[in-house]
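K.L.:
Fold the following for me, if possible:
(3 chains)
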Amino acid sequence: MGVESDVKPDSVALHPVGAAGAPEVMGIFGTGDLGRSLGLRLLQSGYRVVYGSRRPHSCGPVPQGAEVASHAEAAKEASLIFVCVHREHYEFLTTLTPHLKGKVLVDLSNNLKKGIYPEANAAYLQRLVPGADVVKGLNTLSAWALQNGLLAGKQVYLCGNSANAKQAVSEMATKLGLTVLDRGSLSAARELEDFPLRLFPEWRLPLLVAACLMGFFYFYLLIRDVIYAYVETGQDISYRIMISLANKVFPIVSLVMLSLCYLPGCIAAFLQLYRGTKYKRFPNWLDRWMLCRKQMGLVALGLALLHAIYTFIIPIRYAVRHKLISRMKNNKTTPFYFDNKEAWGTDSFYVLGILGFFLYLLLGLTSLPSVGGSLSWREFSFVQSKLGHLTLSICTAHGYIYGWNKFLRPSTYKWYTPPGYMLCLIVPSVVLVLKILLLLPCVDRSLTRIRQGWERNPPLIEVNKASSL
Amino acid sequence: MGVESDVKPDSVALHPVGAAGAPEVMGIFGTGDLGRSLGLRLLQSGYRVVYGSRRPHSCGPVPQGAEVASHAEAAKEASLIFVCVHREHYEFLTTLTPHLKGKVLVDLSNNLKKGIYPEANAAYLQRLVPGADVVKGLNTLSAWALQNGLLAGKQVYLCGNSANAKQAVSEMATKLGLTVLDRGSLSAARELEDFPLRLFPEWRLPLLVAACLMGFFYFYLLIRDVIYAYVETGQDISYRIMISLANKVFPIVSLVMLSLCYLPGCIAAFLQLYRGTKYKRFPNWLDRWMLCRKQMGLVALGLALLHAIYTFIIPIRYAVRHKLISRMKNNKTTPFYFDNKEAWGTDSFYVLGILGFFLYLLLGLTSLPSVGGSLSWREFSFVQSKLGHLTLSICTAHGYIYGWNKFLRPSTYKWYTPPGYMLCLIVPSVVLVLKILLLLPCVDRSLTRIRQGWERNPPLIEVNKASSL
Amino acid sequence: MGVESDVKPDSVALHPVGAAGAPEVMGIFGTGDLGRSLGLRLLQSGYRVVYGSRRPHSCGPVPQGAEVASHAEAAKEASLIFVCVHREHYEFLTTLTPHLKGKVLVDLSNNLKKGIYPEANAAYLQRLVPGADVVKGLNTLSAWALQNGLLAGKQVYLCGNSANAKQAVSEMATKLGLTVLDRGSLSAARELEDFPLRLFPEWRLPLLVAACLMGFFYFYLLIRDVIYAYVETGQDISYRIMISLANKVFPIVSLVMLSLCYLPGCIAAFLQLYRGTKYKRFPNWLDRWMLCRKQMGLVALGLALLHAIYTFIIPIRYAVRHKLISRMKNNKTTPFYFDNKEAWGTDSFYVLGILGFFLYLLLGLTSLPSVGGSLSWREFSFVQSKLGHLTLSICTAHGYIYGWNKFLRPSTYKWYTPPGYMLCLIVPSVVLVLKILLLLPCVDRSLTRIRQGWERNPPLIEVNKASSL
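P.N.:
Numbering: from 1, shown residues only, chains lettered A, B, ... in the order given. Below is the predicted model of the structure:
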């Protein structure tokens, strides 16, 4: 038969302790990264692991305690076999069909791109080995997560045509600490295979919004600052597009994004007040918006951090030091007296910015999974709602103080356009006004009642029915 | 009967894989946020879920795979029912009493404030439906934690009068990955309901201490700086209260708070040395102090971060730039020679501050649950003890260097009061001296012996007893 | 017999809910930190806990619900006993030998240093109590992790001579949420006891590399800057060794370390291309290097953070302000015209530095266990590979721009040595060139094929064997 089993000498001593009696045998075809990591985790959960390899004698390192055999030998020993090879190499399984009859084959494969094959990998596998029960699943697990034991509570999907096969895989996955959700028959395999190909799906919308806002404000400020100066006075201040302009765009977009985090909550509250019930679904766009609030906030935090760093390096810039030195040589513009009002104004501006950024960082910290998970619901809602609105207020005030002595000067409105910081204050101001309206005692009382289930126009007939029971 | 069951068409395909045989049915009354999140998690753990709703046909979205029925119908199907409605709406359950007889009702409700109702929600529920077995519990779980699968290892409490009912709930909770602790009969319900209303209880003391220290030092410095300047020289430097004063108060309080993290450890060690045993309980105040060391350290870190940011923006402040320019115009005060000692002194001052802050950040990082949890006990104690004391030493040296060339000048002691940085060095210096004493070989040896169980005056009689066994 | 059992009055009400029937009894000898924390966790997992103490009446606080008895009494009640006392006190167990016959003793002890005792603690315990089955294990758990419930998924080792005893301990550990790995007979106890004594083993190599690089570059720059100035011009600029030199060494070493994170990946790829297979093991040095990439990256991030802070405080340094003022007094060196090229150059330099640092922070964030664990494998590899190489490119460009107008000046090459920033650009440039080579379509295609299992010279004989099955 030519079958060789390469039982490592230390496999007995290292044999993991599982349930009473002989441990169940799991087969793994393929000794790549994923196969090795999966085998390690299975060994640690108390299973015996047999690798099936083309070359049992030189297949590279396998976890301590695992056995290596030929594919056929491994298939004979295990009733559940993980196929950890690339779809391109599935062909070889046709030679094993007699050994795979009645076995459960778990297809963990993913493709590099969407739609490069006409049928799902799992469907192809089922077609190659019709006698086996193919279960697609666990393909969202990375070798990295397996190696580092980051499985506890992770949710995995599986699908397949045989209920018993799915049951067996599900029990194994539960033992590994995973949470399993059945997605139906093998026809869902394609959907499951496209799952891990998604790249930060929940970050797309926030990043798109941020990019659009940054593009708009960048060009707006470019025209008002650099091009205006060139056209009107012939001055070339194009060097400003690197830092000065960016350091205006970042805080502007950051503030708008932060207020966009809190706007949907206000809209939802007014919608509930208007409808007089909380039992009607929100429109889809509002639902989608509310689901990406966390990501919007984190993008805003990133921009605020960039704004902070850009501000810290202002005094070491060449242009700033040049201005300082040339102001000194030109005695006329030098202030001879100390302007107390100016000192108060700029210092307040900086203090509000620093405090806002600090609160922002705290908000960001609680969105770390391990920190947020350790908060009670009241603490979490306190941080995200109370602290969040406080942060928004402080950052908005930071913006207002910036223009405290400028908004009445005609020179502020170059080419009759308002400066960027004025534009960016619109959304946060609206959000804060809406929030203040919602905090008015009468409005707040109605809203609390609605959120506790009260309805202005309860559906009379069905309530009567329920009461008659 | 008028009962309609709204079985969704996809509920079969998406039915989660649980234990062999028909999955157990869980009932949920209420389709709000908590009800939906709980249902999703139950489905994923292999249960069948039936929602009870006033309007089965228009109750809003429920998780895929769950069924929706009238309250009565749901009550009939499930033996364990979660009541996810507000206490204000419990009344309707009286109409269901015949259907709820012998069922387990889990009361997950919380109130918005303490003591707004004369009796606990769960006691009220038990009174309304005397035939059911009410179990209070799981009310510390947030919909957010349920949705994000952050349950693994979380500790929940429950109480109730029926041991069997508690057993059933406990088994379900364990299956969800929770750790359950029984708090006795339903009379403990009030205590459990007050639990989630606590807002950062372990942060109260540290924040209070920080607020008091900040208040004291702020007014102390206000008098010494601003008011002194106004009274003695008639100068108005009130603009300094925004940034200059704050940037003195933050590092002062941060350093004091950091040393207060390490003081209780020293006190405990000396107490053990004095008592000659580790088996006597510490006084309550010391226990309480030791329990909030982590929070004290994090408050101190927050203040240190604010100090760092306030320092970074110093050169862009109006007052600072004004001083620089006016010093240049006033030739007399301009230094013509380069003072090497001054350069060394200020640079050392900055370097110690930066290194201290950097180590501080590392300490803060290891207090993140996910980072701290991945350290072995020796690594954790190395970081918190060795690295912590190093940080304290460096930050204290940062403070000492600040006054290196000032503490002998009479002008430092305005109105015969010591400057703030001198006051703030007292506690850290005491802690460091105590720590050095504890590190002396002879003291260290005694302490190690005591910590390993040695006693100076062992209780003779009982030891003899034990030996005679 | 003199045995007293100190059952606390509240132990009934607080009795945790475990499996149906009477809960299993676990004995714990010792009421120290570890004993108490372990008892609490066992209670929460549904066990009954009996502490064995020298002085049942005055043993200090034990978790609510636990009982306290004499050692002998506790040994009688429990079949599995945790020995949470120091090895120095094991002697007393000899008096209990009749009570411990046939019991499972779990030795959780650790020593303060390696090799202070001739035999392992567990072997010593087994010799003292030959009738008991000693199992060594769980000794990597800290009281801190136990108290904070950070056990889920943690991996623990155990060893022992009795398979049944190991089985019992393993079942208990699994119930606590731990993952158990059997390390064989009790002869492995020494190895297990040395485990928790390791202090950040995976950080040693990266820290060593960083320290060597920092030492080298520090002395190199010291000679080129400070000593050169003193020898050639007699100037004493020794004050620069505190901040100016450090602020050159930190970014240099940070950039080199960052590129050392990505170099082994390139080497591995070229090795695979050269060998034409992925099934041959990498040399040991390469394996070891690849395993500490994460730590290398984090050390580099720490140095980058220090570089950022050192840069932020530049303008408040005495030497910098002195230079600014004296330049103003010395009219000859003052620039009268604004150098647009200089403004563009320095601003680009700063912008690249800021963006590089920002991306660096993002990379660091994803290496937090809780953040990295929530990414899918594609997201993780996108961040670590694409984003990582982008960061390296930007930081390298930051280095190149620093010397854009200096590398042709003869004055740059003091004493015929290249400046530090030139030396530090060598490794990153090599890495980037190698990476670009690997991204060439023809190379990339070969590599992808090899990584999917293709081999240039497949071992013919065995493949034929496999095909013949």
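K.L.:
Could you say which helix or strand holds residue A:427?
P.N.:
Using DSSP states H and E, residue A:427 maps to helix A:426-439.
K.L.:
so where does the residue in the stretch 351-469 of chain A that chain C sits nearest to fall, helix or strand?
P.N.:
Residue nearest to chain C within the stretch 351-469 of chain A (C-beta to the nearest C-beta): residue A:370, separated by 3.7 Å. Placement of C-beta: from N, CA and C, glycine included. Using DSSP H and E, the element containing residue A:370 is helix A:369-372.
K.L.:
Same question for residue A:51.
P.N.:
Per DSSP H and E: residue A:51 is located in strand A:48-53.
K.L.:
Partner strands of whichever helix or strand comes after that strand, with direction?
P.N.:
On the C-terminal side of strand A:48-53, the closest following helix or strand by DSSP H and E is strand A:67-70. Note on strand A:67-70: by DSSP bridges, its sheet partners are strand A:5-6 (antiparallel), strand A:48-53 (parallel).
K.L.:
Let me see the mean pLDDT of strand A:67-70.
P.N.:
Predicted confidence along strand A:67-70 averages 89 (mean pLDDT).
K.L.:
Ok, stretch A:418-433 next?
P.N.:
The pLDDT scores in stretch A:418-433 average 90.
K.L.:
anything in the helix holding residue A:427 near chain B?
P.N.:
No. Under the criterion of C-beta under 8 Å from any C-beta of the partner chain, helix A:426-439 makes no contact with chain B; the nearest approach is 15.1 Å.
K.L.:
Show me what that helix is packed against.
P.N.:
In terms of contacts (3 or more C-beta pairs under 8 Å, 6 or more residues apart in numbering or on different chains; DSSP states H and E), helix A:426-439 is packed against helix A:246-275, helix A:388-402, helix A:441-451.
K.L.:
Taking helix A:441-451 as reference, get the angle to it.
P.N.:
For helix A:426-439 against helix A:441-451, the angle by axes from the mean of the first three to the mean of the last three C-alpha atoms, to 10 degrees is 80 degrees.
K.L.:
ok, for the residue in chain A that chain C sits nearest to, nearest residue in space, not its chain neighbours?
P.N.:
Minimum separation of chain A from chain C (C-beta to the nearest C-beta) falls at residue A:142, amounting to 3.0 Å. Nearest non-adjacent residue to residue A:142, counting by C-beta to C-beta, 6 or more residues apart in numbering or on different chains: residue C:377, 3.0 Å away.
K.L.:
What residues does residue A:282 make contact with?
P.N.:
With contact set as C-beta atoms under 8 Å, 6 or more residues apart in numbering or on different chains, residue A:282 has these partners: A:268, A:271, A:290.
K.L.:
hmm, try it at 6 Å
P.N.:
If a contact means C-beta atoms under 6 Å, 6 or more residues apart in numbering or on different chains, then residue A:282 has no contacts.
K.L.:
That one looks like it's in a strand, true?
P.N.:
No. Counting by DSSP: H, G, I helix; E, B strand; the rest coil, one finds residue A:282 to be coil, located in no strand.
K.L.:
what separates the helix holding residue A:427 from the chain centre, distance-wise?
P.N.:
Put simply, helix A:426-439 sits 27 Å off its chain's centre (C-alpha atoms, centre = their mean, to the nearest Å).
K.L.:
do the same with stretch A:207-220
P.N.:
21 Å.
K.L.:
Also stretch A:235-250?
P.N.:
On the basis of C-alpha atoms, centre = their mean, stretch A:235-250 sits 31 Å off its chain's mean C-alpha point.
K.L.:
circling back: what's the neighbour count on the residue of chain A closest to chain C?
P.N.:
Neighbour count of residue A:142, defined by other C-beta atoms under 10 Å in any protein chain shown: 23.
K.L.:
Which pLDDT value goes with it?
P.N.:
Residue-level confidence at residue A:142 comes out at 73, pLDDT.
K.L.:
With the one 3 residues further on instead?
P.N.:
What the model reports as pLDDT for residue A:145 is 70.
K.L.:
Under a three-state scheme, what state does it occupy?
P.N.:
Going by three-state DSSP: residue A:145 is helix.
K.L.:
Fine by me, thanks again.
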